[in-house]
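J.: I would like the atomic coordinates for the input below:
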Amino acid sequence: MYRGRFLAETMIELGYDAVAVGERDLSFGIRTLREYAEKGLPLVCANLFDGGERVFPPFLVKKVHGKRVGVLALLDTPPRELHGLEIRDPAAEGRDALERMRGRTDVVVLLAHMERGRLDDLLPALEGVDLVVRGHTIDIESAAEDCSDTTGGAFEDAVRPILFAGDRARAVGLVVVAAPPGERVSLVERRLINLDAAVPDEPATAERVRSFLAEEGARRRELAVSKSIPRDERTGRIVERYLGVDVCARCHGDLMPRFILSRHFRAMETLRARGEAENSACVRCHTTGFGRPTGYDAETEASGAPYLQGVQCEACHGPGTLHERGGTYAASGRSSCGACHTSTWSPDFEYDAYWRRSAHCGPAAADSAAGER
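T.: Residues are numbered from 1 along each chain as shown. Prediction:
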């Protein structure tokens, strides 16, 4: 989104007359593109639809040296994710746009964002196009020095020149055309200007780019940190993290020898013995945090996540990152038991009786339980 905004603002400032929408542009977000179209970025695409309506104008007409130049844009390659957008048949939508342009233009330029083979198939159906600029990726190193699109060994489809737009602003194509009344457009000059070290930077623009890239680097670092924090999949809010019994043992080592021999801690062994280790209905109460962000998951555990098998400390008290020393973390264990000790599975459940039988019990635990009653 930030990069899309930066590029859009810069292109508005540079004074582009028409900008074809490509599949990579859509990765900036349709909301961002619409926002800057309203601010003056002349985005054009005849076959991109959203909810049955075109997202951008199919074409525009500019007056250039007394000639009416129509610019039509078509997109063929879909992005990785369309997010509800629809790319309709470029041939049908292109013909419709050309019909609407009839009588309103002296020259028609097609901005074709597609592979060369697809363009070759499409052009016979688009009578009325005088000049084509193809905007899909091609290596600058293999492009003709005069910006002719020589991919496939051809320059023209009989009479209509096909030119190459370049990519990532590494080159600018310069084309001079002549359009005598009643005659087809002819090329007077065409050349490719490589924007290499021989072209000096414009200081203010260079500083603007450096500043943006520094900000983008900082945002990427923030994003990397943010991605490491567990979040709720539906709301995106930060959630707490399960740490595993090994972390608990750092401070509560005196409870561990008895606890790790308890039925709670060995609850997954019970399921394995019964052949139910893959039954999610059972795993929920025989592991720690199953079904919750950062909770037990066999695949993530195998790849290095904390060991969360069995009913560990956090199964009763909550994720370890919630731990504080005011007493609420310890007290939370009392209210959590009912989640698994239901009337179905533990019909005689009574907290105090079960607490005294639990492996958590001992002098410190008994004192704690007495204090909570």
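J.: C-alpha only now, for contacts and for neighbours.
T.: Will do.
J.: any idea how far Ala197 is from Arg170?
T.: Distance of Ala197 to Arg170, computed by CA to CA, to the nearest Å: 11 Å.
J.: neighbour count winner among the two?
T.: Arg170 (11 against 7; other CA atoms under 10 Å).
J.: name the nearest residue to the more buried one, ignoring sequence neighbours.
T.: Nearest-residue entry for Arg170: Leu195, 5.3 Å, with adjacent residues in sequence omitted and distances by CA to CA, 6 or more residues apart in numbering.
J.: residues contacting that neighbour?
T.: For Leu195, the contacting residues are Ala169, Arg170, Ala171, Val172, by CA atoms under 8 Å, 6 or more residues apart in numbering.
J.: distance check, it against Ala204.
T.: Leu195 sits 17 Å away from Ala204, taking CA to CA as the criterion.
J.: ditto for Cys340
T.: According to CA to CA, Cys340 and Ala204 sit 65 Å apart.
J.: okay, these two: which has more neighbours?
T.: Neighbours were counted for Cys340 and for Ala204 using other CA under 10 Å; Cys340 has more, 14 against 8.
J.: how close does the residue nearest to Arg170 sit to Asp25?
T.: Relative to Asp25, and taking CA to CA, Leu195 is found at 22 Å.
J.: just the residues contacting the helix ranked longest in the chain, thanks.
T.: Ordering each helix of the chain by length in residues (DSSP state H) puts helix 203-227 first. With CA under 8 Å, 6+ apart as the contact definition, helix 203-227 has outside contacts at Tyr2, Arg3, Phe6.
J.: list the buried residues in that helix.
T.: Residues of helix 203-227 include none that count as buried (16 or more other CA atoms under 10 Å).
J.: same question, stretch 51-67
T.: Quick answer for stretch 51-67 (16+ other CA under 10 Å): Arg54, Val55, Phe56, Pro57, Pro58, Phe59, Leu60, Val61.
J.: what's in contact with that stretch?
T.: For stretch 51-67, contacts defined as CA under 8 Å, 6+ apart pick out 17-18, 34, 43-49, 68-73, 84-85, 97, 104-107.
J.: in strands only, show me the residues you listed.
T.: Those of these mapping onto strands are Leu43, Val44, Leu48, Phe49, Arg68, Val69, Gly70, Val71, Leu72, Ala73, Leu85, Val107, per DSSP state E.
J.: list the contacts for the third one?
T.: By that I understand Leu48. The contact partners of Leu48, by CA under 8 Å, 6+ apart, come to Arg54, Val55, Phe56, Leu75, Leu85, Glu86, Ile87, Arg88.
J.: okay, it: pLDDT?
T.: pLDDT, Leu48: 95.
J.: distance-wise, check it relative to Leu14.
T.: Counting by CA to CA, the gap from Leu48 to Leu14 is 25 Å.
J.: of all the contacts of helix 203-227, which comes closest to Arg191?
T.: Of all the contacts of helix 203-227, Phe6 has the smallest distance to Arg191: 28.2 Å, by CA to CA.
J.: is that closest one in a helix, a strand, or coil?
T.: When classified by DSSP: H, G, I helix; E, B strand; the rest coil, Phe6 comes out as helix.
J.: give me the distance between the residue lying closest to it once chain neighbours are set aside and Ala206.
T.: Setting aside the residues directly before and after it, Phe6 is nearest to Phe212 in space (CA to CA, 6+ apart), at 7.8 Å. According to CA to CA, Phe212 stands 10 Å off from Ala206.
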